[in-house]
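> just need the structure, nothing else, for what follows:
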Amino acid sequence: MVTWITERPIQFGNFLIPDATHPLQPVEQAVRADALGIDLIGIQDHPYQWRFHDTWTLLTAIAMRTERVAVFPDVANLPLRPPAVLAKSAASLDLLSGGRVELGLGAGGFWEAIKAMAAPSHAGRVRASARGGDRVIRLVWSGKRGLRYDGASISSPASTQVLCPAIRSASGWVLTSPGCSPSSAAQPTDGCRRWAP
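Residues are numbered from 1 along each chain as shown. Sure thing, here's the model as predicted:
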């Protein structure tokens, strides 16, 4: 069953391929989409893909060259992006772009590539790093300082201390993992969580 969220108007977006073999093409496409009135630009986050730009670098370039379109990672690869750093990256780009950043999170899908890109000592813990990362992001965005998160699911030895500036949180997002369907995300489980404002 599909549930429509009616608090937000329908928006139209463009999913751009972050092709680094034609370095400026995604930015030029985003500028055209912005001029045509497209609402959102999504960029896939596969840091291990040799022919793709880094997602956050490309999102920043797009945000600096456009005027109204919102940008977001579709979806951020949480096992390869430490949650506190990801929260600060999203908050910084949101401030620099005048509030035009959304955040989508993913728990990873190509585990061999993720493990190959992670440091050897971290490779066995990449799957666990996605669990609890959403909580760390929410804590960073809470506006409090000197935060601690003592979750066994975070891949730090005992806790993660976060000292970051606060920023608004997105109106809602979904964390999914392989085997998690959008319908199962409506009910909180170990791998799927959904937030609403």
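
> for residue 41, give its distance to residue 113.
Distance of residue 41 to residue 113, computed by C-beta to C-beta, to the nearest Å: 24 Å. Placement of C-beta: from N, CA and C, glycine included.

> quick one: which of these two has more around it?
Remark: of residue 41 and residue 113, residue 41 carries more neighbours, 26 against 16, as counted by other C-beta atoms under 10 Å.

> correct me if wrong: that one contacts residue 16.
Yes: using C-beta atoms under 8 Å, residue 41 is in contact with residue 16, at 6.1 Å.

> give me the common contacts of those two.
Both residue 41 and residue 16 are in contact with 30, 33, where contact means C-beta atoms under 8 Å, 6 or more residues apart in numbering.

> residue 56 and residue 36, how far apart?
Using C-beta to C-beta, one obtains 24 Å as the distance from residue 56 to residue 36.

> contacting residues for the closest residue to residue 66 other than its chain neighbours?
Spatial nearest neighbour of residue 66, excluding adjacent residues (C-beta to C-beta, 6 or more residues apart in numbering): residue 34 at 4.0 Å. By C-beta under 8 Å, 6+ apart, residue 34 lies in contact with 41, 66, 67, 68, 69.

> element containing residue 34?
Applying DSSP states H and E as the criterion places residue 34 in helix 25-35.

> now residue 8
Under DSSP H and E, no helix or strand contains residue 8.

> and it, how many neighbours?
The tally of other residues near residue 8 (other C-beta under 10 Å) stands at 10.

> between the contacts of residue 34, which is nearest residue 27?
The shortest gap between residue 27 and any of the contacts of residue 34 belongs to residue 66, at 8.9 Å (C-beta to C-beta).
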